[in-house]
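Novice: Here's a sequence, model it:
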Amino acid sequence: MAAFSPLPLVHIALDKLGKGAPCGIAAFFPNQSEEQLFAAVEQRARQLPLAHRRIDLSGVAPKIMAPDGDSAFVRVSGKSLEDLLEFSVSRSHGLTGWYVLHPRSDGCWFLAIWAHAIVDGHSMLRFISGLTTAGQQVETTKAERPVGAVGPFLPWMLRSAISEMKSRLAFKTFSEPQSNVTWINASPHTAESLKVTARRFETGVTGLLCGALVQAFYRSSLIDSAGRLSFLVPITRTTCPETNGFGFGIGWLIPELQVTPNSELGMMARSFHKQIRAMADAGWDKNLERAIGTNYSRLSAMVAKTLKRPRADFIATVSWKGRIPYLGTANTGTRVACFAAVQPNTSLCHLSGHIDQSGLSLSLSSCMPQSVAQQVFKNLLTCLEIDASQGERYPPL
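Specialist: Model prediction:
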């Protein structure tokens, strides 16, 4: 197997320092029994080299081990969705992930968590679609970006240095963090309304989500003054064909904006949208990887130093995956939601969303008290003009 690239190495370093951010997915399969879904998951994992091979952390640098008799993607029992967020490669002796099955009279829930070093959101969605459609080709939602699409390095370094010197908005932290996830699955009409709202503001959905999240933070009193804030925005670079469509194929962009409690949603959304597009077109995510490098010892020291800061460079992660045409049916999974662990004091939350055949999926992961997280989510939906009563809210499962 090829060596880990810079961003997966960052995730492994965070994991070893107890600040990992594993990512997961939930989906309901109507008319599937627990036994049928278990067999499908085990078969699917065996087709994916990064899912069933352990990660060796004992050497100078982490590496993917050769396959053995046992899969590294393990079924566990008695764990809630919040329990899954505690997954760690280093604490589980190199496992790549856990999963849980919750049978119901009308079908079965599948909940899974993986080390973020080996998987991204689109890969998890492809995993889901292949569970009951084994052998069928699933289509991708975005064209791959050329691997060599790297913008000028000097301008990137200059902007990064300037950004480092700027102060950022302080956000509220909590003495007793509680990992939790809440999400909504809404109708195709609601999904279309979200896109209409984005078009009305002359922006993309990712920019709209960033702007709405800022307003939700102010309304929820998580930030209360004017200042500069940043978001971490993943972008798709490859569909990971070399590992059967299951791998880490994203880059990171970090747009920033000066905001106030009275900032207009449209203005913020357009600014974030323009920045994200310009950064992606210029290959700034590749420059970030170039700066990080693959020297694991150096990278680990850099990550440890970063964690000593009072707060992270970004206030939240916003991961919009667009339209996923191969999901949202009884055969490919319904009520689908992606999520990720958020570590205390590192950022406020992780917002994830997509549209599939059954409609809109939006989820909010955080380590805020659940009542606070639910209030933030409610305010977010209000800012997006989404009627929460028109969708199904989770958890509980």
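
Novice: what kind of secondary structure is K378 in?
Specialist: When the structure is reduced to helix, strand and coil (DSSP: H, G, I helix; E, B strand; the rest coil), K378 reads as helix.

Novice: Contact partners for it?
Specialist: A388 (CB atoms under 8 Å, 6 or more residues apart in numbering). C-beta here means a position set from N, CA and C on the backbone, and glycine is covered the same way.

Novice: The residue lying closest to F38 once chain neighbours are set aside: neighbouring residues, count only.
Specialist: Take F38 and drop its neighbours on the chain: the residue closest to it by CB to CB, 6 or more residues apart in numbering is L101, 6.1 Å away. Other residues within reach of L101, judged by other CB atoms under 10 Å, total 20.

Novice: Give the rounded mean pLDDT of whichever strand or helix holds L101.
Specialist: Here L101 is covered by strand 97-104, with elements defined by DSSP states H and E. On average, the pLDDT along strand 97-104 is 96.

Novice: Burial check on the residue lying closest to K16 once chain neighbours are set aside, number of neighbours?
Specialist: Distance criterion CB to CB, 6+ apart; nearest residue to K16, sequence neighbours excluded, is S90 at 4.9 Å. With neighbours defined by other CB under 10 Å, the count for S90 comes to 17.

Novice: tell me the contacts of S90?
Specialist: Residues near S90 by CB under 8 Å, 6+ apart: 15-16, 20, 57.

Novice: again, only using 7 Å
Specialist: Shown in contact with S90 (CB atoms under 7 Å, 6 or more residues apart in numbering): 15-16, 57.

Novice: same thing with P234?
Specialist: Residues touching P234, when contacts are defined by CB under 7 Å, 6+ apart, comprise 120, 250, 252, 319.

Novice: and the next element down the chain from the strand or helix carrying it?
Specialist: Of the helices and strands defined by DSSP H and E, P234 is found in strand 227-236. Proceeding N to C from strand 227-236, the next assigned helix or strand is strand 250-253, under DSSP H and E.

Novice: who does that following strand touch, helix- and strand-wise?
Specialist: Contact analysis of strand 250-253 by 3 or more CB pairs under 7 Å, 6 or more residues apart in numbering; DSSP states H and E lists strand 227-236, helix 265-281, helix 284-292 as its packing neighbours.

Novice: how is this protein carved up into domains?
Specialist: The domain map for the chain lists 6-129, 153-394, with the assignment taken from automatic domain parsing.

Novice: Tell me how many other residues surround Y326.
Specialist: Considering only other CB under 10 Å, Y326 is surrounded by 22 other residues.

Novice: SS state for it?
Specialist: Taking three-state DSSP as the rule, one finds Y326 in the coil state.

Novice: what does the model give it for pLDDT?
Specialist: If you check Y326, the pLDDT there is 91.

Novice: Distance check, it against R277.
Specialist: From Y326 across to R277, the span is 26 Å (CB to CB, to the nearest Å).

Novice: L125 now?
Specialist: For L125, the distance to R277 under the criterion CB to CB works out to 23 Å.

Novice: neighbour count winner among these two?
Specialist: The neighbour comparison of L125 against R277 (other CB under 10 Å) goes to L125, with 27 against 17.

Novice: Where does that one fall, secondary structure wise?
Specialist: Per DSSP H and E: helix 121-129 holds L125.

Novice: cool, and N185?
Specialist: Counting by DSSP H and E, the secondary-structure element that holds N185 is strand 180-186.

Novice: Give me the sheet partners of that strand and which way each runs.
Specialist: Strand 180-186 has the following sheet partners, assigned by DSSP bridges: strand 359-366 (antiparallel), strand 391-394 (antiparallel).

Novice: Next, give phi and psi for S90.
Specialist: Torsion angles at S90 (phi, psi; degrees, to the nearest 10) stand at phi -70, psi -30.

Novice: Could you check how far it is from P188?
Specialist: With distances taken as CB to CB, S90 is found 42 Å from P188.

Novice: Kindly report the same for A117.
Specialist: Relative to P188, A117 is positioned 34 Å away (CB to CB).

Novice: can you check R323 too?
Specialist: Counting by CB to CB, the gap between R323 and P188 amounts to 11 Å.

Novice: in the strand holding P234, what counts as buried?
Specialist: For strand 227-236, the neighbour count (16 or more other CB atoms under 10 Å) marks 227, 229-236 as buried.

Novice: Output these as JSON lines; include the columns pLDDT.
Specialist: Supplementary listing: those in JSON lines, determined by pLDDT from 0 to 100:
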{"residue": "G227", "pLDDT": "92"}
{"residue": "L229", "pLDDT": "93"}
{"residue": "S230", "pLDDT": "93"}
{"residue": "F231", "pLDDT": "94"}
{"residue": "L232", "pLDDT": "94"}
{"residue": "V233", "pLDDT": "97"}
{"residue": "P234", "pLDDT": "96"}
{"residue": "I235", "pLDDT": "95"}
{"residue": "T236", "pLDDT": "94"}
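
Novice: So which of those residues is the closest to A198?
Specialist: For A198, the closest of these turns out to be V233, at 15.1 Å, with distances computed as CB to CB.

Novice: Which pLDDT does the model give the residue nearest to the closest one when sequence neighbours are not counted?
Specialist: In space, and not counting its chain neighbours, V233 is closest to L253: 4.7 Å by CB to CB, 6+ apart. Listed pLDDT for L253 reads 95.

Novice: A388 - nearest residue in space that isn't next to it in sequence?
Specialist: With sequence-adjacent residues excluded and distances taken as CB to CB, 6+ apart, A388 is closest to L381, at 5.1 Å.

Novice: so who does the nearest residue to T238 once chain neighbours are set aside touch?
Specialist: Spatially, and ignoring its direct neighbours in sequence, T238 is nearest to G249 (4.0 Å; CB to CB, 6+ apart). Taking CB under 7 Å, 6+ apart as the criterion, G249 is in contact with 120, 122-123, 236-240.
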